[in-house]
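1. Below: sequence and its predicted model.
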Amino acid sequence: MVIQTDVLVIGGGATGAGTARDLALRGLDVTLVDRGGLAAGTSSRSHGLCHSGARYAESDRHGAEECLRERRILGDIAGACVRDTGGLFVELEGDDPDYFDTKRDACEEIGIPTTELTGEEARERVPDLSPAVRRALEVPDGVVYPSRLVAANAADAQDHGARVLTHAPVEDMHLEDGQIAAVDLGGDVAERVEPQFVVNAAGAWAGRVAAMAGADVAMQPNRGVMVSVAYDGLEPVLNRCRDPDDGDIVLPHTDEVVLGTTSVDVDDPDEYDTAEWELERVREECAEMLPPVADAEQLRTWWGVRPLYAPDEATRQSRGISRGFFLLEHDGDGVANMASIVGGKLTTYRAMAEATADLVSDRLGVEEPCRTAERTLPGADDPDQLDAYVAEFDGSGPADADVVSLERTY
């Protein structure tokens, strides 16, 4: 059977599912495909921070403003896909006080709400916080549960006519007259898709997908490790108030916390070495902020691969600079009906999807506006329904495995 569709979206992570939702809400016939279950690549293997923008306030004002805007939108539309925890940037003895002051001032200029706390006030918020904490900056960080977020976006797309095909890897592309005329799927689907336009939202694998059409997208995959340990009662996200480095974030869940992360470039997003030192370093560094995690029971570990755009990374001199997103058209590669969306952050997935859907709509002559910033995600106020969506799309992952309950029959 041949599937004829307006838009084929390749990649079922947050950006791909968000793009499919946006386009479907504009009335386009959309087909979303992923080689595995939804969110299986990067989204469900992240640490799950919902950025307030404070992390990048002093290094990238535009990126910080974008995070703040999208953080607020997620708070309005995503319900139980996110948790409004708040966050603390903590300065320890020995940390550069000028860095704290610069971050605070930058947040104030941008409009990120902040409250400066003494070390004693911070320990009233988090009793187990290190006695070495001199002061802290309270910011509106949060936690996102990526498998729920991705599945809810896919469910809304499906409710508006989109096809959502999991375990459907792209095996080949056929070009005619400078356009992708057909795409062959394998796996559980084994169908041919004939699209008017193709969106490459394959994250760290975007280069491989683009190459099937003879296009060039230079990616630099970058691995990071997360360690989940038993710890009950942490409310705010903890961020070390220093230049971003290994082991500088602790995210609260229910009766555990997620410690992260490292940053190591890899050649292959599917096959890469991992190192014991990463696990040890993350735990040691996070314990500088929250000492009980040094000896807490380890519950699970996972590595995720960041979908970094190589030309952007080549200009970077600091890990603290916000990584933006890039929307690439491929006319110059001889492919007139494909665009790739790469880079970015989980927090800004909706903005990435909106930019992509705007481009596609322009190319296909569709004038409907974006509605994703105002429309609440389906199931947002019903965790059981959200988890049912996760099960439907085989979208579970380690980032929120302690929160998302799939032990039921749907």
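-> Thanks, I have the structure now.

2. which stretches of the chain form helices?
-> Counting by DSSP state H, the segments of the chain that form helices are 14-25, 61-77, 97-110, 119-125, 146-159, 206-212, 276-289, 310-314, 349-364, 383-392.

3. So which elements touch the first one?
-> Secondary structure elements in contact with helix 14-25, counted by 3 or more Cβ pairs under 8 Å, 6 or more residues apart in numbering; DSSP states H and E, are strand 2-10, strand 30-33, helix 146-159, helix 349-364. For every residue, glycine as well, the C-beta is placed using N, CA and C.

4. Can you lay out these as TSV showing mean neighbour count?
-> Converted to TSV, these look like this (neighbours: other Cβ atoms under 10 Å):
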stretch	mean neighbour count
strand 2-10	22
strand 30-33	28
helix 146-159	28
helix 349-364	22
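
5. Of all these, which one comes closest to Ala106?
-> Smallest distance to Ala106 across those (Cβ to Cβ): 20.6 Å, for helix 349-364.

6. what's around the residue nearest to Arg300 when sequence neighbours are not counted, how many residues?
-> Distances taken as Cβ to Cβ, 6 or more residues apart in numbering place Ser228 nearest to Arg300, at 4.9 Å, with adjacent residues excluded. For Ser228, the neighbour count with other Cβ atoms under 10 Å is 24.

7. With Pro398 instead?
-> Counted with other Cβ under 10 Å, residues neighbouring Pro398 total 18.

8. and if you look at Leu175?
-> By other Cβ under 10 Å, the residues close to Leu175 number 17.

9. before we move on, what about Asp402?
-> Residue neighbour count, defined by other Cβ under 10 Å, stands at 16 for Asp402.

10. Likewise for Asp273?
-> Neighbourhood size, Asp273 [other Cβ under 10 Å]: 7.

11. Check the gap between it and Arg223 for me.
-> Distance, Asp273 to Arg223, using Cβ to Cβ, to the nearest Å: 9 Å.

12. Likewise for Asp243?
-> From Asp243 across to Arg223, the span is 20 Å (Cβ to Cβ).

13. Which one of those two is surrounded by more residues?
-> Shown here are Asp243 and Arg223; by other Cβ under 10 Å, Arg223 has more neighbours (22 against 14).

14. Could I get the contacting residues of that one?
-> With contact set as Cβ atoms under 8 Å, 6 or more residues apart in numbering, Arg223 has these partners: Thr262, Ser263, Val264, Asp265, Val266, Tyr272, Thr274, Trp303, Gly304, Val305, Arg306.

15. Can you tell me who it pairs with across the strands?
-> Bridge pairing for Arg223 (DSSP bridges) gives the partners Val264, Val305.

16. so can I have a markdown table of the helices and strands packed on helix 14-25 showing mean pLDDT and distance to Val139?
-> A markdown table is the format used below for the helices and strands packed on helix 14-25 (pLDDT from 0 to 100; distance: least, Cβ to Cβ, whole Å):
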| stretch | mean pLDDT | distance to Val139 |
| --- | --- | --- |
| strand 2-10 | 98 | 33 |
| strand 30-33 | 98 | 34 |
| helix 146-159 | 98 | 21 |
| helix 349-364 | 98 | 20 |
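
17. Val257 and Thr19, how far apart?
-> Where Thr19 is concerned, Val257 sits at a distance of 32 Å (Cβ to Cβ).

18. Isn't Leu364 up against Leu28?
-> Yes. At 7.1 Å, Leu364 counts as touching Leu28 under the criterion of Cβ atoms under 8 Å.

19. Quickly list what's touching both of the two.
-> Asp6, Val7.

20. Need the phi and psi values for the residue sitting furthest away from the middle of the chain.
-> The outermost residue of the chain, judged against the average C-alpha position, is Asp177 (35.5 Å), by Cα atoms, centre = their mean. According to degrees, to the nearest 10, the main-chain angles of Asp177 amount to phi 50, psi 40.

21. Could you do Ala162 as well?
-> Torsion angles, degrees, to the nearest 10, at Ala162: phi -70, psi 150.

22. In CSV, list the helices of the chain along with distance to Ala190.
-> Output for the helices of the chain, formatted as CSV (distance: least, Cβ to Cβ, whole Å):
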stretch, distance to Ala190
helix 14-25, 20
helix 61-77, 35
helix 97-110, 50
helix 119-125, 54
helix 146-159, 20
helix 206-212, 17
helix 276-289, 39
helix 310-314, 33
helix 349-364, 26
helix 383-392, 21
